[in-house]
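A.B. asks: Sequence and predicted structure are below.
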Amino acid sequence: MTAENSAPMEGAPLIQPSSTDHPLYDDVVGACRSVYDPEIPVNIFDLGLIYTIDINGENHVEILMSLTAPGCPVAGEMPGWIADAIEPLAGVKSVNVELTWSPPWGMEMMSDEARLELGFM
């Protein structure tokens, strides 16, 4: 991309796909489901805050996530909570968690279970 054209390519996904075929993927998802937003009684995975779980061939885990709002009081802490939940998993070599605000989180990103739990269904 050039400076004049910094928009995503037409048809490119807004969120990078996750490594769903990696053997550690389900365990990483389970670890993410153990972390809760303190203001909402639903885990961060089902809230749709985890955008991408990328696990490479050496079992290094990259998490791209967002928060419900930029002013979230635990914005500085939640990435550490996620790393702390994933790092002890057998086979995981390292974890890096990054926050993004693009695309912004929206209620449509929640799982059906989260919507049901919060009374939106």
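C.D. replies: Alright, I've got the coordinates.
A.B. asks: From here on, just use CA atoms for contacts and neighbour counts.
C.D. replies: OK.
A.B. asks: And the pLDDT at the residue nearest in space to the middle of the chain?
C.D. replies: Centroid check for the chain by CA atoms, centre = their mean gives Ile50 as the closest residue, at 1.4 Å. You'll see Ile50 listed with a pLDDT of 95.
A.B. asks: what sits against it?
C.D. replies: Ile44, Ile63, Leu64, Met65, Ser66 (CA atoms under 8 Å, 6 or more residues apart in numbering).
A.B. asks: repeat that for 6 Å
C.D. replies: Met65 (CA atoms under 6 Å, 6 or more residues apart in numbering).
A.B. asks: So it versus Cys32, what's the distance?
C.D. replies: To Cys32, Ile50 is 8 Å away according to CA to CA, to the nearest Å.
A.B. asks: How about Glu117?
C.D. replies: Taking CA to CA, one finds Glu117 at 18 Å from Cys32.
A.B. asks: what's the answer for Asp46, then?
C.D. replies: Distance from Asp46 to Cys32, by CA to CA: 9 Å.
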